[in-house]
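Visitor: here is my input, please return the structure:
(chains A and B)
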Protein chains: 2
Amino acid sequence: MNGLAQYGAYLESCISSISLDDEPKNLFDPLRYFLSLGGKRLRPILTLVSGEIFNIPKEESIHAALCIELFHNFSLIHDDIMDGAPLRRGKPTLHTKWDENIAILSGDSLFIEAYKQLTNYPDQRLPLLFKRFNETAIEVCQGQQFDMDFESLSEVSESQYIEMIRLKTSVLLGCALEFGAILGNQDEETGRNLYEFGVSLGIAFQIQDDILDLYGDPELFGKQVGGDILSNKKTLLFLKAEQLAAKTNDPRFEILIQMEAANDKIEFAKTLFEDLGAKNESLTTMNAYYNQAMGNLEQLELNGLQTGILRELANYLITRKL
Amino acid sequence: MNGLAQYGAYLESCISSISLDDEPKNLFDPLRYFLSLGGKRLRPILTLVSGEIFNIPKEESIHAALCIELFHNFSLIHDDIMDGAPLRRGKPTLHTKWDENIAILSGDSLFIEAYKQLTNYPDQRLPLLFKRFNETAIEVCQGQQFDMDFESLSEVSESQYIEMIRLKTSVLLGCALEFGAILGNQDEETGRNLYEFGVSLGIAFQIQDDILDLYGDPELFGKQVGGDILSNKKTLLFLKAEQLAAKTNDPRFEILIQMEAANDKIEFAKTLFEDLGAKNESLTTMNAYYNQAMGNLEQLELNGLQTGILRELANYLITRKL
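Guide: Just a heads-up that it's a prediction; the model follows:
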């Protein structure tokens, strides 16, 4: 992914030079802090890459890319409050370092800063950028609410779960890619194919993340393994295991749920989910979404577009050792 | 204000027919509840009235009006969380009736719904509407943060206070009026005069509100008298009294601050603030802003515009018995 590294550096320099007011300090200092925490910057890279397919220089697509990235950061700030998360990227979350009120309000301000980026396109492209961004943003909120609702729901179906992750994380990847097509004044079909590519890839990536949470190499995965299992989180892996255990009358699933949060619970889950076939089924579902994304790429290629870098990016995202 | 009553009814019917998704219920039911709580609907009325000056039918200006009103409601939902307010218009606030997480997220969604209203103008007016709305929205956040900061500041100057209320409440009135001019494709000067009229009127109105909090007739004022005094809130009246007491070495101001929250504290403040001349000085400041607003109207009239209804509206807002 050397080709992508240059985008990362460019993005960091653009993010660090976003101009924010100085006062009140309690509004803008927290934003500067949060934006400096880094991250993969995957979403804005998607916009830059997608724009490049249509010969939009990165200096022109950067505002749309920043719109997506600032919105993503806004949603993280508010999600961290809702989840009561103490850390983000190994550093204190905003509401921990300051307080909840400041995190709510500076989150709101960051949301406005995201919209402000779109005012850099005061031409015929603005209406569609603006419309698609609004539609995506409301879906992200819906996804977050479904996610919170699921915690207290006794039954969540697989399709409900997929719909939740589609809304919460994948549509923003789709929108980031579609932005490139809109900036390049492409037809609706091209925009739609890029969007669907992003959405399917996002779903595949999230399912991979669920699987890696239990089966990943902690060194490579970069976070504690088994966190989802310890909190009985309803991931795809978990829902498949629940379903398969019910079908085969396997009592171990009920035992797993009752187990206290400790290392033996993680080991127990690893074996159980393999025995039940939940790991394999999850991998199958992941691959189905990955292939769907590839189908969208092929369609774009049939229409004469050079999508090599998107293919490279998809491979990069879906290759971590399982 | 019979002329304005028709706008109120029209607005209520438009607000109640805003189309929101059904699911998740925990996201959209709270919004339906909050929007049904009513209120003066002053801000969107300003947009409808302003649009009418330029022959924009209310069916066309309604989306800009709703943008302003939905934004205002979003800011109330989040402010209520930050202030820990149990009631809004006599009914439970969102975070009380549901919970804080739901109030944060449904507030965010309402903010997006506000922006969505602007997508009804996908023409050459959109860039300016969008730009001015973003600028105003960030100012409202700044005002709210200054207001929170002031609680723990030992010294707040009069000009800091005026700047805070300008940002927190007045710029939105200005923007609501300016929207009418933008919809009517008016020149910048016209938009600016309408904006300044709204800002000055808003400041005058807020100062009046501060005075009425102590000296208003509870029947007419519609809320408990003396609330600001009981919490030692740094209103203009309070800051003037503080200043005048320092100048005259009047020890009663310090006594007031130390008094416990009870009815005798309110009576003590009433007398003290009159003795010090703080009430009169506040009225003078209020009138100065009111006259400034009238100056903007006169300028608009000199340019040939019919502003009778704005004059009527200003009179209506600034005539409550003091």
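
Visitor: up against chain B, what does the stretch 1-150 of chain A have?
Guide: By Cβ under 8 Å from any Cβ of the partner chain, the residues of the stretch 1-150 of chain A that approach chain B are A:21, A:23-24, A:26-27, A:78, A:81-82, A:100-102, A:104-106, A:108-109, A:111-113, A:115-116, A:118-119, A:122, A:126-127, A:130-131, A:134, A:137-138, A:141-142, A:144-146, A:148-149. For glycine as for every other residue, the C-beta is placed from the backbone atoms N, C-alpha and C.

Visitor: in strands, which of those residues appear?
Guide: When the residues of the stretch 1-150 of chain A next to chain B are checked against strands (DSSP state E), there are no matches.

Visitor: separate out the buried members of those.
Guide: A:24, A:26-27, A:78, A:81-82, A:100-102, A:104-106, A:108-109, A:111-113, A:115-116, A:118-119, A:126-127, A:130-131, A:134, A:137-138, A:141-142, A:144-146, A:148-149 (16 or more other Cβ atoms under 10 Å in any protein chain shown).

Visitor: where exactly do the helices run in the stretch 101-250 of chain A?
Guide: A:126-152, A:158-165, A:171-183, A:188-215, A:218-221, A:227-230, A:236-247 (DSSP state H, counting those that start in this stretch).

Visitor: so which of these is the most surrounded?
Guide: Highest mean neighbour count among the helices of the stretch 101-250 of chain A (mean count of other Cβ atoms under 10 Å in any protein chain shown): helix A:171-183, with a mean of 28.

Visitor: so what secondary structure elements neighbour it?
Guide: Where contact means 3 or more Cβ pairs under 8 Å, 6 or more residues apart in numbering or on different chains; DSSP states H and E, helix A:171-183 is packed against helix A:42-53, helix A:58-83, helix A:126-152, helix A:188-215.

Visitor: send me it as CSV with only the CA atoms.
Guide: Output of helix A:171-183 as CSV, limited to C-alpha atoms (Å, rounded to 0.1, in the frame of the first residue of the first chain):
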residue,chain,number,x,y,z
VAL,A,171,-22.7,3.8,4.1
LEU,A,172,-20.1,6.4,5.0
LEU,A,173,-17.5,4.4,3.1
GLY,A,174,-19.9,4.3,0.2
CYS,A,175,-20.6,8.0,0.4
ALA,A,176,-16.8,8.8,0.5
LEU,A,177,-16.4,6.9,-2.8
GLU,A,178,-19.5,8.3,-4.4
PHE,A,179,-18.2,11.8,-3.6
GLY,A,180,-15.4,11.3,-6.1
ALA,A,181,-17.9,10.5,-8.8
ILE,A,182,-20.0,13.5,-8.0
LEU,A,183,-16.9,15.8,-8.1
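
Visitor: that one to helix A:188-215, inter-axis angle?
Guide: Counting by axes from the mean of the first three to the mean of the last three Cα atoms, to 10 degrees, helix A:171-183 lies at 150 degrees to helix A:188-215.

Visitor: centre of the chain to helix A:171-183, how far?
Guide: 14 Å (Cα atoms, centre = their mean, to the nearest Å).

Visitor: equivalent analysis for stretch A:43-56, please.
Guide: 17 Å.

Visitor: so where's chain A uncertain?
Guide: A:1-3, A:220-223, A:320-322 (pLDDT under 70).

Visitor: so what are the domain limits for it?
Guide: Domains of chain A are assigned by automatic domain parsing as A:1-142, A:187-322.

Visitor: make JSON lines from these and add distance to B:Ile56 to it.
Guide: Compiled in JSON lines, these are given as follows (distance: least, Cβ to Cβ, whole Å):
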{"stretch": "domain A:1-142", "distance to B:Ile56": "19"}
{"stretch": "domain A:187-322", "distance to B:Ile56": "31"}
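
Visitor: nearest to B:Leu70, out of those domains?
Guide: The closest of the domains of chain A to B:Leu70 is domain A:1-142. By Cβ to Cβ, the value is 12.2 Å.

Visitor: B:Ser16 is nearest to which of the helices and strands packed on helix A:171-183?
Guide: It's helix A:126-152; of the helices and strands packed on helix A:171-183, that one is closest to B:Ser16 (Cβ to Cβ) at 19.5 Å.

Visitor: between the helices of the stretch 101-250 of chain A, which one is nearest to B:Phe74?
Guide: Among the helices of the stretch 101-250 of chain A, helix A:126-152 sits nearest to B:Phe74 (Cβ to Cβ), with 12.0 Å.

Visitor: so which bits of the helix or strand hosting A:Asn287 are buried?
Guide: Take DSSP states H and E as the rule and A:Asn287 turns out to sit in helix A:278-302. For helix A:278-302, the neighbour count (16+ other Cβ under 10 Å) marks A:278-279, A:281-283, A:285-286, A:289-290, A:292-294, A:296-297, A:299-300 as buried.

Visitor: give me the subset of those that also touch chain B.
Guide: Okay, of those, nothing touches chain B (Cβ under 8 Å from any Cβ).

Visitor: what does the strand or helix carrying A:Leu31 contact?
Guide: Per DSSP H and E, A:Leu31 falls inside helix A:25-35. Here helix A:25-35 makes contact (Cβ atoms under 8 Å, 6 or more residues apart in numbering or on different chains) with A:15-16, A:18, A:20-22, A:70, A:73, A:76-77, A:88, A:94, A:97-98, A:102-103, A:105-106, A:109-110, A:113, B:141-142, B:145, B:148-149.

Visitor: now with 6 Å, please.
Guide: Here helix A:25-35 makes contact (Cβ atoms under 6 Å, 6 or more residues apart in numbering or on different chains) with A:Ile15, A:Leu20, A:Asp21, A:Leu94, A:Trp98, A:Ile102, A:Ser106, A:Ser109, A:Leu110, B:Gln145, B:Asp149.

Visitor: hang on, the earlier thing: now do the helix holding A:Asn287 against helix A:236-247, angle only.
Guide: 130 degrees.

Visitor: what angle do helix A:278-302 and helix A:158-165 make?
Guide: Using the same axes, to 10 degrees: helix A:278-302 against helix A:158-165 is 60 degrees.

Visitor: which elements pack onto helix A:278-302?
Guide: helix A:188-215, helix A:236-247 (3 or more Cβ pairs under 6 Å, 6 or more residues apart in numbering or on different chains; DSSP states H and E).

Visitor: wait, which of the contacts of helix A:25-35 is closest to A:Asn249?
Guide: Using Cβ to Cβ, these come closest to A:Asn249 at A:Leu94, 47.3 Å.

Visitor: and the closest one, how close does it get to chain B?
Guide: With the distance defined as Cβ to the nearest Cβ, to the nearest Å, A:Leu94 ends up 13 Å from chain B.

Visitor: do the same with A:Ser154
Guide: Distance from A:Ser154 to chain B, counting by Cβ to the nearest Cβ: 16 Å.

Visitor: same question for A:Tyr316.
Guide: 31 Å.

Visitor: now name the helix or strand holding that residue.
Guide: helix A:308-317.

Visitor: give me the buried positions along that helix.
Guide: A:Ile309, A:Leu310, A:Leu313, A:Ala314, A:Leu317.

Visitor: ok, now stretch A:259-272?
Guide: A:Met259, A:Lys265, A:Ile266, A:Phe268, A:Ala269, A:Lys270, A:Leu272.

Visitor: and those residues as JSON lines, adding distance to B:Glu189?
Guide: Conversion of the buried residues of stretch A:259-272 to JSON lines gives the following (distance: Cβ to Cβ, whole Å):
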{"residue": "A:Met259", "distance to B:Glu189": "72"}
{"residue": "A:Lys265", "distance to B:Glu189": "70"}
{"residue": "A:Ile266", "distance to B:Glu189": "69"}
{"residue": "A:Phe268", "distance to B:Glu189": "74"}
{"residue": "A:Ala269", "distance to B:Glu189": "69"}
{"residue": "A:Lys270", "distance to B:Glu189": "71"}
{"residue": "A:Leu272", "distance to B:Glu189": "73"}
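
Visitor: sounds good, over and out.
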